[in-house]
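Trainee: show me how the following folds:
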Amino acid sequence: MPEHSLDTIVRDLAERRATLGEIIPHLSRAELLAASDAVLLSVPGFRQLHAERWDPALPEPEALTAMPEGSLGSCYARYMAHYRLSPDFFPIQARLGADATPTQYAVHRLNKCHDFIHVMGAYETSDSDEVAVQSFVFGMAPVALALFLAEAAVHPDISQTRYKHLRDIYLGQIQAEDFERGVSAVSLLGERFEALLEMPLEALRRRLGISARAPARLGHRGENSCGGFTSLPFFTPAQTV
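Mentor: Numbering: from 1, shown residues only. So this is what the prediction gives:
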């Protein structure tokens, strides 16, 4: 199947505002998984990441907090503390073996870097922003997202209270603005974020083509049903780092 067929299917799903759950059967066919592998390997930097199975550990929170103010690492540390989050939250098995396909490896990277994506895109952890950030990911790596959602849906831990937030996103509709932001930021998939922690966040956003969110979508306190913890927003129209 030609690669443009994958793009056509993805665009159609986005334009008709399909739910995140609906994308799974549309994008799980073998020929689309193969097309996804080819697209991912064309992203600058991703082929080498996949070849290396790049997967370094993050520094301890104290080391991240001590990084320069406004850096990716510092902002990430403050964001995680603000929402009382810990890395590797989602119940997904890592695919890092020699037989891991590019799309399977992308699932792992998107899972591991999920909170970095929240920070770079100025997304809160509210239920509505979780749908928005997954719409962003759908723009970058639609088949990898579908594979992630399919695997999460059948994980034995998915019924736990702490994953209500995750279960609910399957009914969330793809958000057009966030989808387009993700399409523009596809180069994110080839980045080694663990080696860029001291880089200024705003400079990294510019480098990756991540456009600013509309002010009307910033600064709102939203319910976070994941773990039952809700906080004031981390990002505001006047403060996005």
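Trainee: quick check: chain neighbours aside, which residue is closest to residue 17?
Mentor: Excluding its sequence neighbours, the residue lying closest to residue 17 (CB to CB, 6 or more residues apart in numbering) is residue 173, at 4.4 Å. Every C-beta, even on glycine, is put in place using the N, C-alpha and C of the backbone.
Trainee: contacting residues around that neighbour?
Mentor: 17, 18, 19, 20, 131 (CB atoms under 8 Å, 6 or more residues apart in numbering).
Trainee: would you show me how to pick out the buried ones of those in PyMOL?
Mentor: To isolate the buried members of the contacts of residue 173 in PyMOL, using 16 or more other CB atoms under 10 Å:
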select buried, resi 18+20+131
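Trainee: let's have the contacts of residue 173 in a markdown table, adding distance to residue 82, pLDDT and secondary structure.
Mentor: Below are these laid out as a markdown table (distance: CB to CB, whole Å; pLDDT from 0 to 100; DSSP: H, G, I helix; E, B strand; the rest coil):
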| residue | distance to residue 82 | pLDDT | secondary structure |
| --- | --- | --- | --- |
| 17 | 30 | 97 | coil |
| 18 | 32 | 98 | coil |
| 19 | 29 | 98 | strand |
| 20 | 25 | 97 | coil |
| 131 | 20 | 95 | helix |
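Trainee: wait, residue 197 touches residue 71, no?
Mentor: Yes: Residue 197 is within contact range of residue 71, at 6.5 Å (criterion: CB atoms under 8 Å).
Trainee: what residue lies at the spatial centre of the protein?
Mentor: residue 114 (4.3 Å; CA atoms, centre = their mean).
Trainee: just the pLDDT for that residue.
Mentor: Residue 114 carries a pLDDT value of 92.
Trainee: any idea how far it is from residue 37?
Mentor: Per CB to CB, to the nearest Å, residue 114 is found 21 Å from residue 37.
Trainee: so what's the gap between the helix or strand of the chain with the lowest mean pLDDT and the chain middle?
Mentor: When the helices and strands of the chain are scored by mean pLDDT, DSSP states H and E, helix 164-168 comes last with a mean of 85. Taking CA atoms, centre = their mean, to the nearest Å, the mean C-alpha location of helix 164-168 is offset from the chain mean by 15 Å.
Trainee: which helices and strands sit right next to it?
Mentor: Other helices and strands packing on helix 164-168, by 3 or more CB pairs under 8 Å, 6 or more residues apart in numbering; DSSP states H and E, are helix 127-140.
Trainee: packing partners of the helix it packs on?
Mentor: Checked by 3+ CB pairs under 8 Å, 6+ apart, helix 127-140 has helix 3-15, helix 114-121, helix 142-153, helix 164-168, helix 176-184 packed alongside it.
Trainee: give me the average confidence score over the third one.
Mentor: Okay, so that is helix 142-153. Helix 142-153 comes out at a mean pLDDT of 94.
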